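Asks: Provided below are the primary sequence and the corresponding predicted coordinates.
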Amino acid sequence: MEPVLLWVLIFFGTGALAWGNGSNDVSKGIATLIGSGLASPRRAVLWGAFWTLIGGLCSLVLAKELVTSFAAVWFPNGTPLAPTVVLCVILGAASWIFLATWRGYPVSTTHAIAGSLCAAGFWVSGSAIHWTLVNKAVLLPLLASPLLAFAAALFLLPLLRRCLTPWIHRCVCLHITQECTPASVSPSGAATQALTAFPIHAANGSASQCAALPAPFLKIGVDTLHWTSSAAVLFARGLNDGPKILAVALLVSAMNHGQIPWVLLIALSSCMGLGSLWGGRKVTQVLSRKVTHLPELEGLGASLVTATLVLGASHVGLPVSTTHVSTSAIASVGLQRGASAVSWEVLRGITGAWLVTFPASAAITACLLICCH
């Protein structure tokens, strides 16, 4: 294969992986909004695509460590991969993500990448991968994060019910009670305005009472917290997944020079955002309506847990699966209403997709490696 064509395929293949990631993973940040009735699917997908893009762009500054650590942990001795091998890794992971999205299963892009990299490691040399370091820095966080999310939701939801139940359907509104008027006239005839002409009044009441206040006003309520936590989940997802996808491309010897190509990261973030718009609804329907019913506080609790864990993992450079964290948190809040509140058939299907992701991606990558060599 011609070198130029190979690099073009790697570039577009990495973009396709980011696109598939956006299509499958945006659901983890917006499912609770739809499930609790706060947003329509269309509005939620637009919200998800926007904050995913912002998170991906900010990863250039806030998650540099994740780019280098995720690439280095697999081949710590600096073992570069041939461009053909990297292309097979990218296409293997992307193929499984697109297949799972088509079937409506939420799966982990991180697990798909991990499976593909393991296949590549065996292809190059079984000793090329530092398995102890991979287990500690990649596989352990991936396995532990669903358990942490489940436990955190068990703890957080009762606390939210105690603190926020009185505030459901109520809000705090801020509105301006006086218009700004000119305070004086300068010698040149130009009006100057008083700096203290904007007194702000705070009111506490029901949503209808807040709506009756004079505009403009700012309304803050439980819904506001939910929208904010959803944005945090989506931001954290872009912050955590963009660097991992970029790290795969950096395993190529010609690109593995210690610097992060910001142009490529911007392109990948844009693909994640566009992928969210293109295919974000199908998987979202599964998480938002089929796993369990999500009343307002339950949806908020699951969203807060997901945002906290994924943002924390991005900050310390640990790869975690937003899919596993979000789904575990949703299942946890559902179980607190009883075992019958959770659709075990749907949950078994999701768990099966999780378990299959790693070997399926590895098998697809192995087949591609055999065909290309």
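Replies: Received the coordinates, thanks.

Asks: please count neighbours and contacts with C-alpha atoms only from this point.
Replies: Fine.

Asks: helix or strand for the most centrally placed residue in the chain, which one?
Replies: Nearest residue to the geometric centre of the chain (Cα atoms, centre = their mean): Arg237, 2.2 Å. If you go by DSSP states H and E, Arg237 is part of helix 222-249.

Asks: name the helices or strands packed onto whichever helix or strand comes after that helix?
Replies: Of the helices and strands lying after helix 222-249 in sequence (DSSP H and E), the nearest is helix 262-285. On a contact count with 3 or more Cα pairs under 8 Å, 6 or more residues apart in numbering; DSSP states H and E, helix 262-285 meets helix 3-25, helix 27-35, helix 41-62, helix 83-103, helix 222-249.

Asks: how does it look with 6 Å?
Replies: On a contact count with 3 or more Cα pairs under 6 Å, 6 or more residues apart in numbering; DSSP states H and E, helix 262-285 meets helix 3-25, helix 41-62.

Asks: out of the ones you listed, the one nearest Ser95 is which?
Replies: Minimum separation from Ser95 across the helices and strands packed on helix 262-285 (Cα to Cα) falls at helix 3-25, 8.2 Å.

Asks: tell me the buried residues in that closest one?
Replies: Across helix 3-25, burial judged by 16 or more other Cα atoms under 10 Å covers 9-11, 13-25.

Asks: what angle do helix 262-285 and that helix make with each other?
Replies: If you take axes from the mean of the first three to the mean of the last three Cα atoms, to 10 degrees, helix 3-25 sits at 40 degrees to helix 262-285.

Asks: let's number from 68 now, not from 1
Replies: Shifting the count to begin at 68 puts that one at helix 70-92.

Asks: helix 70-92 vs helix 150-170, what angle?
Replies: For helix 70-92 against helix 150-170, the angle by the same axes, to 10 degrees is 30 degrees.

Asks: chain center to helix 70-92: distance?
Replies: For helix 70-92, the gap between its own C-alpha mean and the chain's C-alpha mean amounts to 18 Å (Cα atoms, centre = their mean, to the nearest Å).

Asks: what is the least confident helix or strand in the chain?
Replies: strand 258-260 (a mean of 40; mean pLDDT, DSSP states H and E).

Asks: can you list contacts of stretch 148-166?
Replies: Residues from elsewhere that reach stretch 148-166, judged by Cα atoms under 6 Å, 6 or more residues apart in numbering: Ile77, Leu84, Gly87, Ala179, Ile180, Ser183, Leu318, Val319, Ser428, Ile431, Thr432, Leu435.

Asks: with distance to Val152 and pLDDT as extra columns, can I get those residues in CSV?
Replies: What follows is the contacts of stretch 148-166, written out as CSV (distance: Cα to Cα, whole Å; pLDDT from 0 to 100):
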residue, distance to Val152, pLDDT
Ile77, 10, 88
Leu84, 15, 94
Gly87, 20, 93
Ala179, 15, 91
Ile180, 13, 90
Ser183, 10, 91
Leu318, 10, 77
Val319, 9, 70
Ser428, 14, 94
Ile431, 13, 96
Thr432, 9, 95
Leu435, 9, 94
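
Asks: output these as CSV; include the columns distance to His360.
Replies: Formatted as CSV, the contacts of stretch 148-166 follow (distance: Cα to Cα, whole Å):
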residue, distance to His360
Ile77, 41
Leu84, 31
Gly87, 27
Ala179, 29
Ile180, 32
Ser183, 35
Leu318, 43
Val319, 45
Ser428, 32
Ile431, 36
Thr432, 37
Leu435, 41
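
Asks: now for the residues you listed, which pair is the farthest apart?
Replies: Counting by Cα to Cα, the most remote pair of those is Gly87 and Val319, 21.5 Å apart.

Asks: contacts for stretch 174-188 next, please.
Replies: 156, 160, 195-196, 388, 390, 421, 424-425, 428-429, 432-433.

Asks: could you show me where the strands are in the stretch 168-317 of the chain, in order?
Replies: Secondary structure of the stretch 168-317 of the chain (DSSP state E, counting those that start in this stretch): strands located at 237-243, 249-252, 258-260, 267-273, 284-288.

Asks: would you single out the least confident of those strands?
Replies: Of all these, mean pLDDT reaches its minimum on strand 258-260 (a mean of 40).

Asks: give me the subset of the contacts of stretch 174-188 lying in helices.
Replies: Judged by DSSP state H, the contacts of stretch 174-188 include Val156, Ala160, Thr390, Trp421, Thr424, Phe425, Ser428, Ala429, Thr432, Ala433 as members of helices.

Asks: any idea how far the residue nearest to Ala374 when sequence neighbours are not counted is from Ile121?
Replies: Using Cα to Cα, 6 or more residues apart in numbering and skipping the chain neighbours, the partner closest in space to Ala374 is Val300 (4.2 Å). Relative to Ile121, Val300 is positioned 12 Å away (Cα to Cα, to the nearest Å).
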